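Participant: Fold the following and give me the result.
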Amino acid sequence: MAAPHDDQHSGWILDLSARHEKRQTDADTTPRVIIHVCETCRSGTEAADAPRDGAILTERAKALSAEGVEIRAVACLANCKRALSASIQSAEGWSYVFGDLTVDSAGDLLEGARLLSLSADGLMPWKGRPDTLKRGMIARMPPLPPILHPMTNKT
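Facilitator: Have a look, this model is predicted:
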């Protein structure tokens, strides 16, 4: 499937907008935020036959769900040395990866998502951020703008 052609840039654009909803469908214009929780994370304290702590954190976050925030379980965030792990992704702003969470961190994740959704500059503010999201921040990634691929002839 070919990417749409953009005459303004005389090149090709990979449209990633289908991955994210830019805005909610109701009158609320809060940017959509997604929390990805690694449900396969082990804290190392749970019994081998017990549910993984990552799955427990996922369910607790879903139970606290807030308007404009979607909670998604993922199989692995590849942050095993600092498990439990989660990410908070904004459709129009920065995305964050956190580690060293506990099963009691669900409320902190929702607060981080709220702060990110209200941010005017797309960054999660440091002030007001729960301590677990300050100490446990692994990385933040800039927004993904449309990717331009100019057409070149290399013959």
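Participant: Show me where the chain has its helices.
Facilitator: Per DSSP state H, the chain carries helices over the ranges 53-63, 106-118, 131-135.
Participant: In JSON lines, list those along with distance to Pro125 and mean neighbour count.
Facilitator: (Glycine included, C-beta is placed from N, CA and C.) JSON lines is the format used below for the helices of the chain (distance: least, Cβ to Cβ, whole Å; neighbours: other Cβ atoms under 10 Å):
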{"stretch": "helix 53-63", "distance to Pro125": "21", "mean neighbour count": "21"}
{"stretch": "helix 106-118", "distance to Pro125": "6", "mean neighbour count": "21"}
{"stretch": "helix 131-135", "distance to Pro125": "11", "mean neighbour count": "14"}
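Participant: looking at those, which is closest to Ile34?
Facilitator: For Ile34, the closest of the helices of the chain is helix 106-118, at 8.2 Å, according to Cβ to Cβ.
Participant: list the helices and strands the closest one packs on?
Facilitator: Applying 3 or more Cβ pairs under 8 Å, 6 or more residues apart in numbering; DSSP states H and E, one finds that helix 106-118 contacts strand 33-38, helix 53-63, strand 69-74, strand 86-90, strand 95-98, helix 131-135.
Participant: how about these, which one is nearest Ser119?
Facilitator: strand 86-90 (7.9 Å).
Participant: Give the partner strands of the closest one in its sheet and their orientations.
Facilitator: The strands that strand 86-90 pairs with in its sheet are strand 33-38 (antiparallel), strand 95-98 (antiparallel) (by DSSP bridges).
Participant: So for the last one, what gets flagged as buried?
Facilitator: If I follow you right, that is strand 95-98. Buried residues in strand 95-98, counting neighbours by 16 or more other Cβ atoms under 10 Å, are found at Ser95, Tyr96, Val97, Phe98.
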